[in-house]
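1. Got a sequence here, can you build the structure:
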Amino acid sequence: LGGAVAPAALRRSSTLGSSGGGGARVRLWVGTWNVNGKVCSEALLSEWFRNGAQHEPAVPDIYSIGFQEFVDLTARNVLSDDVSRRKECAARVEAVLTSLHGERYVAVGMEQCVGVLLMVYVHPRLVSAVTHVRADVIKCGFGVGDARAGNKGGTAVRMAVHGSQLCLINAHLPAGASHADERNDTFDEIVAGLQKAYGERLRGGPFPSPLEHDLCVFAGDLNYRLEPGGAKEEQNQVVRDAVAQGKWGKLLQIDQLRAQQRAGLAFQGFAEASIDFQPTYKYDAGTSRYDSSEKQRVPSYCDRVLWLEPQGAACKPVAYVACQGVLVSDHKPVTALLDWSAGSSQRTSAESAASPAQQAAEASLIDFDAIDLDGDASAPPPLPSAESAFADEFDLSELFGFSAAAEGAAASATPPSQPAAFDPPAFAAGSAPAAFDPPAFAAGGAPAAGAAFDAPAFSAGGMGAAMPPAQFPAAGMGAPMQPAQPAQSTAFDPFASSTAPAFPVAFGGGG
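-> Here you go, the predicted model:
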């Protein structure tokens, strides 16, 4: 699944809104909610979004909205994402944001991994300061290698804001009270997967590792539990008594996530705001009553928001709350409000470290503020519709990282020698006719340009009237035929050289 493509206004660098050397203040609303396969109505979303505003009324610049178990984890859903349900949810989210703030937020990134859905929206006032957006999925469910299922895993959206690097991750880690090691391993797997993806020279990259971004926010149903020790019945009694007395500090002393952090086994260096609310899991769905089933699960802080700043302390927590009024799921939604001073990092950003071709691509992008829309030079670029967040509209300059000038130079480069008709001696020397199709050739077919090619004669050891059998060995075409590969790469790497042909021939089929 491809993430929502950033609108055109997000494709160019800008320092608008910067407050000088000290950085620009950016308010982040980061939410996580395991919805247990239930549909999120506008009323439920509104109650969740408003919950943080009760503590801090400032309008957020960025909304990072993370869902887990967005769909039921059936075999059908694990094999393919429910696109229609995601679009319906996005429409409801956008309607609620517009209703709350009177502004139409811009969807800059949207990625789904079965039940793990991440939606990132930016306030219109920040649009011009956002660049280099990309969305990724890391599957960590059952299976091996690229065949891993997405029943567990993570989704991420990264971007540059005022030149600072921001990475937002939404994850669903393995369940089970005693499976802390599996959760740690999945955390490492998500980070490693994103690090590999960001290191590739594709989609505007390379970018820093997620843990090397100026700010990395990791949220989701992390599934770490409370472990008071003793028999399960005793554990339940200890935790539920502490909840009834509001002794949150006592609960955090037996919090599995904090223990793993102290041991250096997961989330090393991540910070979390003070927890002043009751455990968010597990409730009887439709109530605020903790699990009364036979399993009697111990209440736990499964739903968390943490952040990492490898270079300083530009991020400050403003609020960290659970929304107890939402009853539809067995989890309560959690919200963290963070104030971040973007643009204050002294590190070299991915943009400034970009290759010459990437820098040329940036320079060639359109300045949308200069466009005269309907005769009004001061009019801002139109914001995309809700549906455009799902459209496959790519800016090729940004996607591949080469400018129009570099593309023109590539087009004018001298192409490799390619005879118009099939020429066995030339073929043996490593040149291939433009229309030559090796799979068809091997199957007894004829290249489009080889009018004289006679497949039956060839199979008998000759080349028909155009090429007697006696000439076959002299042409260097003896069986088994193993033609030399052309010198150019079989895969198009737009960053490899600005003088490479714009669309090199991929010998052996596939473009």
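2. quick one, what contacts Thr287?
-> Leu327 (Cβ atoms under 8 Å, 6 or more residues apart in numbering). C-betas here are computed from N, CA, C, even on glycine.
3. Which element, helix or strand, includes it?
-> In this assignment (DSSP states H and E), Thr287 forms part of neither any helix nor any strand.
4. where does it fall, phi/psi-wise?
-> In terms of degrees, to the nearest 10, the main-chain angles of Thr287 are phi -140, psi 180.
5. same question, Glu182
-> According to degrees, to the nearest 10, Glu182 has phi -70, psi -40.
6. Use 6 as the first number for this chain going forward.
-> Yep, numbering from 6; the last one is Glu187 now.
7. Check whether it really touches Asp193, as I assumed.
-> No. Taking Cβ atoms under 8 Å as the definition, Glu187 is not a contact partner of Asp193, at 10.8 Å.
8. neighbour-wise, which of these two wins?
-> Neighbours were counted for Glu187 and for Asp193 using other Cβ atoms under 10 Å; Glu187 has more, 16 against 13.
9. Need the nearest residue in space to that one, chain neighbours excluded.
-> Pro179 (4.2 Å; Cβ to Cβ, 6 or more residues apart in numbering).
10. same check, this time on Leu102
-> Leu102's closest residue in space is Tyr110 (Cβ to Cβ, 6+ apart), at 4.8 Å.
11. what pairs with the closest residue to Val222 other than its chain neighbours across the strands?
-> The shortest distance from Val222 to any non-neighbouring residue, by Cβ to Cβ, 6+ apart, is to Trp312 (4.7 Å). Beta-bridge pairing for Trp312 (DSSP bridges): Val222, Ala276.
12. can you count the residues close to Trp312?
-> Count around Trp312 with other Cβ under 10 Å applied: 23.
13. Is it in contact with Phe275, as I believe?
-> Yes. Using Cβ under 8 Å, Trp312 is in contact with Phe275, at 6.5 Å.
14. Please identify every residue contacting each of the two.
-> With Cβ under 8 Å, 6+ apart, Trp312 and Phe275 have common neighbours Phe223.
15. how far away is the closest residue to Glu47 other than its chain neighbours from Leu105?
-> Nearest residue to Glu47, sequence neighbours excluded (Cβ to Cβ, 6+ apart): Arg97, at 4.9 Å. As judged by Cβ to Cβ, to the nearest Å, Arg97 and Leu105 stand 13 Å apart.
16. got it, and Val125?
-> In terms of Cβ to Cβ, Val125 sits 17 Å off from Leu105.
17. quick one: which of these two has more around it?
-> Val125 (31 against 16).
18. Just to be sure, that one is in a strand?
-> Yes. Judged by DSSP: H, G, I helix; E, B strand; the rest coil, Val125 forms part of a strand.
19. What's opposite it in the beta bridge?
-> Beta-bridge partners of Val125, counted by DSSP bridges, are Ser69, Gly114.
20. got it, and the one 10 residues further on?
-> Val135 has the following beta-bridge partners by DSSP bridges: Val166.
21. all helices for the stretch 256-405 of the chain, in order.
-> 261-267, 361-369, 401-405 (DSSP state H, counting those that start in this stretch).
22. tell me, which of those is the model least confident about?
-> Among the helices of the stretch 256-405 of the chain, helix 401-405 carries the lowest mean pLDDT, a mean of 35.
23. Glu187 and Phe223: what is the separation?
-> Glu187 is 17 Å from Phe223, by Cβ to Cβ.
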